[in-house]
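Trainee: Predicted model, plus sequence, below.
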Amino acid sequence: MSGNGELYGKVAIVTGAGISGNIGYETAEVLAREGARVVLTDMAEDVLAEATRTLSQKGYDAASYVADVSDEDAVKALVQFTVKKYGRLDVLDNNAARTSAERDLMVGDMDVDWWDTTFAVNTRGTMLMCKHAIPAMIKGGGGSIINISSGTAVGGSFFATAYASSKGAVETLTRYIATQYGPQKIRCNAIAPGPIMTSSLKRGLSDDLQEIYRRHTVIGSYGKPSEIGEVVSFLASERASFVTGQIIQVDGGISVHQTTSVEISQLMSHAAAHQ
């Protein structure tokens, strides 16, 4: 690829990047489009290989490494692989996560093994990736870490209890890393996506639930996975050089309005239609 992209010369790791149509893969493509050399990682070797092959066929410089981010030895090996292959590490996008519509229920019904698994991947995995990426970034003069949180961490609901709780911990971790490693030129921010139409969401949410979430965005539609990737790309770039420790809601406005506003809007539309 040419050196025209704003991330040209940078090296990035994107976790949870193996499934086309999900946020991780789409983010990897956006970063690669902007000139970064990207290492995609996931647990499923077949889908990861296909995702990496697709990016390579588009002319991007992409590599893959199979790793369970909850395993410290695997994380350490992933970072070592990246530095050995590309000589440095500048950007880390912590996207890998576990969730389950069937097992992640209300507290009284919580499967404790699932709770532990969720935190192992979503929170421990994010911490481990940061732990081993930060020294490599410092050696290269600094870097940008982008953790993927979730709009579910903002307020309570009736499912995704473990997932939301693990993402709340990720947001706290983000602020601590930004504070502890800012003097070493490490920036750390988090993105909290709202309703994003991923391939996983299409499978995991009924049509009724999908419509509820759509109706509660102020723009009236779902986001695209690539739109999260665009914000990751910004945070990875020099344009965001003074941005750190922030939790950025990318949710179509679902978190900004009063809870009554959807019903009020419907009443106003109904009244206008009958004038």
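Mentor: Sure, I can see it.

Trainee: from here on, contacts and neighbour counts on C-alpha atoms
Mentor: Fine.

Trainee: Mean pLDDT per helix and strand in the chain: which one sits at the bottom?
Mentor: The helix or strand of the chain with the poorest confidence is helix 199-204; it has a mean of 68 (mean pLDDT, DSSP states H and E).

Trainee: which residues touch stretch 230-243?
Mentor: Stretch 230-243 is contacted from outside by 6-7, 27, 30-31, 34, 91, 93, 143-146, 187, 189, 191, using CA atoms under 8 Å, 6 or more residues apart in numbering.

Trainee: Out of these, name the ones that lie in helices.
Mentor: Residues of these located in helices (DSSP state H): 27, 30, 31.

Trainee: thought the second one was touching residue 226?
Mentor: Yes: with the criterion set as CA atoms under 8 Å, residue 30 and residue 226 qualify as a contacting pair; they are 7.0 Å apart.

Trainee: Pipe the ones in helices among the contacts of stretch 230-243 into CSV and attach neighbour count, pLDDT and distance to residue 267 per row.
Mentor: Conversion of the ones in helices among the contacts of stretch 230-243 to CSV gives the following (neighbours: other CA atoms under 10 Å; pLDDT from 0 to 100; distance: CA to CA, whole Å):
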residue, neighbour count, pLDDT, distance to residue 267
27, 25, 98, 39
30, 19, 98, 40
31, 31, 98, 43
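
Trainee: picking up where we left off before, and which of the contacts of stretch 230-243 is nearest residue 104?
Mentor: Closest to residue 104 out of the contacts of stretch 230-243 is residue 191 (21.7 Å), distances taken as CA to CA.

Trainee: Okay, now the sheet partners of the lengthiest strand in the chain, with direction.
Mentor: Criterion DSSP state E: the longest strand present in the chain is strand 186-193. Paired neighbours of strand 186-193 in the sheet (DSSP bridges): strand 143-148 (parallel), strand 247-250 (parallel).

Trainee: JSON lines please, covering these and showing mean neighbour count and distance to residue 19.
Mentor: Output for the strands paired with strand 186-193, formatted as JSON lines (neighbours: other CA atoms under 10 Å; distance: least, CA to CA, whole Å):
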{"stretch": "strand 143-148", "mean neighbour count": "28", "distance to residue 19": "16"}
{"stretch": "strand 247-250", "mean neighbour count": "19", "distance to residue 19": "21"}
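
Trainee: list the buried ones in the helix or strand harbouring residue 209?
Mentor: In the assignment (DSSP states H and E), residue 209 maps to helix 207-215. Across helix 207-215, burial judged by 16 or more other CA atoms under 10 Å covers 210, 213, 214, 215.

Trainee: Out of those residues, which is nearest to residue 158?
Mentor: The closest of those, once distances to residue 158 are taken by CA to CA, is residue 213, at 13.8 Å.

Trainee: What separation do you get for that closest one and residue 96?
Mentor: Counting by CA to CA, to the nearest Å, the separation of residue 213 from residue 96 is 23 Å.

Trainee: Ok, residue 262 next?
Mentor: Plainly put, residue 262 is 32 Å away from residue 96 if you go by CA to CA.

Trainee: Those two: who's more crowded?
Mentor: Using other CA atoms under 10 Å, the more surrounded residue of residue 262 and residue 96 is residue 96, with 25 against 15.

Trainee: quick one, what contacts the more buried one?
Mentor: Counting by CA under 8 Å, 6+ apart, residue 96 touches 15, 16, 17, 24, 42, 69, 121, 122, 125.

Trainee: Reformat those as TSV; add neighbour count and secondary structure.
Mentor: Converted to TSV, the contacts of residue 96 look like this (neighbours: other CA atoms under 10 Å; DSSP: H, G, I helix; E, B strand; the rest coil):
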residue	neighbour count	secondary structure
15	29	strand
16	26	coil
17	30	coil
24	27	helix
42	24	strand
69	29	coil
121	21	helix
122	30	helix
125	25	helix
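
Trainee: Can you lay out the residues you listed as JSON lines showing pLDDT?
Mentor: As requested, the contacts of residue 96 are exported to JSON lines (pLDDT from 0 to 100):
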{"residue": "15", "pLDDT": "98"}
{"residue": "16", "pLDDT": "96"}
{"residue": "17", "pLDDT": "96"}
{"residue": "24", "pLDDT": "96"}
{"residue": "42", "pLDDT": "97"}
{"residue": "69", "pLDDT": "98"}
{"residue": "121", "pLDDT": "97"}
{"residue": "122", "pLDDT": "98"}
{"residue": "125", "pLDDT": "98"}
